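S.K.: Kindly generate the corresponding structure for this input.
(chains A, B and C)
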Amino acid sequence: MRFLTEYFWFNTKQRREYINITDKVEGVARKSGVREGMVLVSAMHITAGVYVNDAESGLIQDIDDWLDHLVPFRSDYRHHRTGETNGDAHLKSLLIHHEVILPVTDGALDLGPWQQIYYAEFDGQRRKRLVVKVLGE
Amino acid sequence: MRFLTEYFWFNTKQRREYINITDKVEGVARKSGVREGMVLVSAMHITAGVYVNDAESGLIQDIDDWLDHLVPFRSDYRHHRTGETNGDAHLKSLLIHHEVILPVTDGALDLGPWQQIYYAEFDGQRRKRLVVKVLGE
Amino acid sequence: MRFLTEYFWFNTKQRREYINITDKVEGVARKSGVREGMVLVSAMHITAGVYVNDAESGLIQDIDDWLDHLVPFRSDYRHHRTGETNGDAHLKSLLIHHEVILPVTDGALDLGPWQQIYYAEFDGQRRKRLVVKVLGE
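M.R.: As a prediction, this is how the structure comes out:
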């Protein structure tokens, strides 16, 4: 059984940002030497997420608009009584989900033709971490 | 360590359709010979999803209504500037999520009494692919 | 290859309740003896979910309010023609998702500093089950 765990740090310029991490994940998968297995890609923060979808700039803006429509910034989240102002970022993380798990087949990520992996930052401008773990043989 | 990867193709008659794939996934799990492990069930397209819930026709219609309420068809998605008209299908895929991972225990899917696995098509009427990968021993 | 599967039962006092299960999952991970692997944490019912986020009581109330806003109780869900009255609980389960999968590294859950695992009950006041499965070596 083979394993490889790598961590990546992000520090986005914008509060919300969507970063294509497919090459990073593919790199970890190849480096692991795993021919058959799975890769877990998981945000380690509770105001960020990971998703799989299209690398198309218009769609990425649609995703951002839509998330902000279903989970708007509001001043009256109860969470803000702690001094935080990022209640919306927590809920956006829940909506998009914080992790994905992907198949590795014949030594490569087994993705469909348009599937790209994104790190979704909802409360950036500070250092945040992602874990990528490959398991297989 | 044992592995088995199988692919299934769908070509739905309707644009949106919800297909119970529990028997297909159970079949792959049994065929793999895995006694203890996990099964990943993942859409390979970015306008489809996979979820676990009830095989009850009224609820399936409720799910469809609800998804279409939270992510309506709109003509003005930015993604449509590419010539596509399926912006809503991308967002519905993100909302329902594109994959599930299920336990295999004692050689069978370890599901609760009402848990059924569905392939959710949001932009059908063309060939789309699903991957089922079992890992364990 | 090592495996451990444990089940936990919940019977909440409220219809909706959010229970921090991080210690339970950590306990199963440690008991398994797995040094490198993954843990699947999955509700076995279709009206409950599992998510990872902050252990902050204000935020938990925000999550509950937000879920109930996007998926309100309604009397006219088609699912209710079966005699059930929990259509909203099914949709809340889909929105929050029914499972998470977490990395195990160096013999412990590899979580970020604020990541806590929650069991989200949407139709409680009766016995419901959760499965925790560790796989690795």
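S.K.: gap between the lengthiest helix in chain A and the chain center?
M.R.: Scanning chain A for the longest helix, with DSSP state H as the assignment, gives helix A:57-70. Helix A:57-70 sits 15 Å away from the centroid of its parent chain (Cα atoms, centre = their mean, to the nearest Å).
S.K.: Likewise for stretch A:30-45?
M.R.: In terms of Cα atoms, centre = their mean, the centre of stretch A:30-45 is found 13 Å from the chain centre.
S.K.: cool, stretch A:118-134 as well?
M.R.: On Cα atoms, centre = their mean, the centre of stretch A:118-134 falls 6 Å from the chain's centre.
S.K.: So which bits of that stretch are buried?
M.R.: For stretch A:118-134, the neighbour count (16 or more other Cβ atoms under 10 Å in any protein chain shown) marks A:118-124, A:128, A:130-134 as buried. Heads up, the C-betas are built off the backbone N, CA and C, glycines and all.
S.K.: and what of stretch A:2-19?
M.R.: A:2, A:3, A:4, A:5, A:8, A:10, A:12, A:16, A:17, A:18.
S.K.: Farthest pair within those residues?
M.R.: Pairwise distances across these peak at 35.7 Å for A:2 and A:16 (criterion: Cβ to Cβ).
S.K.: partner residues bridging residue A:100?
M.R.: With DSSP bridges as the criterion, the beta-bridge partners of residue A:100 are residue A:41.
S.K.: still on that earlier bit, follow the chain on from the longest helix of chain A and name the next helix or strand.
M.R.: Downstream of helix A:57-70, the next assigned helix or strand under DSSP states H and E is helix A:87-96.
S.K.: hang on, the earlier thing: can you name the two of the buried residues of stretch A:118-134 that sit furthest apart?
M.R.: Pairwise distances across the buried residues of stretch A:118-134 (Cβ to Cβ) peak at 27.7 Å, for the pair A:123 and A:134.
S.K.: and the helix or strand where residue A:131 lies, which strands flank it?
M.R.: Per DSSP H and E, residue A:131 falls inside strand A:128-136. Using DSSP bridges, strand A:128-136 pairs in its sheet with strand A:2-10 (antiparallel), strand A:37-43 (antiparallel).
S.K.: Please work out which residues outside the first one touch it.
M.R.: In this structure, residues lying in contact with strand A:2-10 by Cβ atoms under 8 Å, 6 or more residues apart in numbering or on different chains are A:19, A:21, A:24, A:28, A:31-34, A:37, A:44, A:48, A:119, A:121, A:124, A:127-137, C:36-37, C:103, C:105, C:110, C:136-137.
S.K.: mind redoing it with 7 Å?
M.R.: The list of residues contacting strand A:2-10 from outside it, by Cβ atoms under 7 Å, 6 or more residues apart in numbering or on different chains, reads A:19, A:24, A:28, A:31-34, A:119, A:121, A:127-137, C:36, C:103, C:105.
S.K.: rewinding a little: in TSV: the buried residues of stretch A:118-134, plus pLDDT.
M.R.: Shown next, in TSV, are the buried residues of stretch A:118-134 (pLDDT from 0 to 100):
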residue	pLDDT
A:118	98
A:119	98
A:120	98
A:121	98
A:122	98
A:123	98
A:124	98
A:128	98
A:130	98
A:131	98
A:132	98
A:133	98
A:134	98
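S.K.: from those residues, which is closest to residue C:72?
M.R.: Closest approach to residue C:72 among the buried residues of stretch A:118-134 (Cβ to Cβ): residue A:122, at 24.4 Å.
S.K.: Hmm, residue A:46 and the closest one touching each other?
M.R.: No. Taking Cβ atoms under 7 Å as the definition, residue A:122 is not a contact partner of residue A:46, at 9.7 Å.
S.K.: Overlap in contacts, these two.
M.R.: Common neighbours of residue A:122 and residue A:46 (Cβ under 7 Å, 6+ apart) are residue A:93.
S.K.: How about residues contacting the helix or strand where residue A:51 lies?
M.R.: If you go by DSSP H and E, residue A:51 is part of strand A:48-53. Strand A:48-53 has contacts (Cβ under 7 Å, 6+ apart) with A:41-43, A:93, A:96-100, A:115-122, A:128, B:46, B:90, B:93-94, B:98.
S.K.: can you tell me which residues contact residue A:11?
M.R.: Taking Cβ under 7 Å, 6+ apart, we find residue A:11 in contact with A:126, A:127.
S.K.: Give me the phi and psi angles of it.
M.R.: Main-chain dihedrals, residue A:11, degrees, to the nearest 10: phi -150, psi 90.
S.K.: hang on, the earlier thing: ok, so of the buried residues of stretch A:118-134, who is nearest residue A:79?
M.R.: Distance to residue A:79 across these (Cβ to Cβ) is lowest for residue A:123, with 11.8 Å.
S.K.: On the three-state scheme, the closest one is what?
M.R.: Classification of residue A:123 using DSSP: H, G, I helix; E, B strand; the rest coil returns coil.
S.K.: measure stretch A:13-25 end to end?
M.R.: In stretch A:13-25, first residue to last residue: 22 Å (Cα to Cα, to the nearest Å).
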